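Asker: sequence and predicted structure are below.
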Amino acid sequence: MTIAVYVFVVLGSFILGTLTSWVAKDHIDAFIDNAAYAKAVTHPEMLNPDGTVDQSELLTLSFLSEDDEDYEDPMN
């Protein structure tokens, strides 16, 4: 009876470890593929003349229409 329990624990651990590593590998592969894609799709206007990503402060513009009701004037 004791040998049967040991065999069950060893086989169960093997199966559980196999399934866990299989699922983890899928997640890691998806993360690596996404990271490689994101690195490859860098906008050229975000690069320095050296080819590295520009870390300086960026200027942003937003255009609002006159009838935009969500806009609150920060000066008032």
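Answerer: Yes, it's here. Residues are numbered from 1 along each chain as shown.
Asker: please, which helix or strand holds the residue minimising distance to the centre of the chain?
Answerer: Within the chain, the residue whose C-alpha comes closest to the C-alpha centroid is Phe31; the distance, by C-alpha atoms, centre = their mean, is 6.3 Å. Assigned by DSSP states H and E, Phe31 belongs to helix 2-40.
Asker: low-confidence stretches in the protein?
Answerer: Counting by pLDDT under 70, the chain contains low-confidence residues at 39-41, 66-76.
Asker: redo that, cut-off 80
Answerer: 35-46, 51, 53, 58-60, 62-76 (pLDDT under 80).
Asker: ok, Thr2 - contacts?
Answerer: By C-beta atoms under 8 Å, 6 or more residues apart in numbering, the contact set of Thr2 is empty. The C-beta positions use only the backbone N, C-alpha and C, and glycine is treated the same way.
Asker: quick one: it and Val9, what's the gap?
Answerer: Noted for Thr2: a distance of 11 Å to Val9, by C-beta to C-beta, to the nearest Å.
Asker: cool, Gly51 as well?
Answerer: For Gly51, the distance to Val9 equals 55 Å [C-beta to C-beta].
Asker: then Lys25?
Answerer: As for Lys25, its distance to Val9 is 24 Å (criterion: C-beta to C-beta).
Asker: ok, Met1 next?
Answerer: When Met1 is compared with Val9 (using C-beta to C-beta), they lie 13 Å apart.
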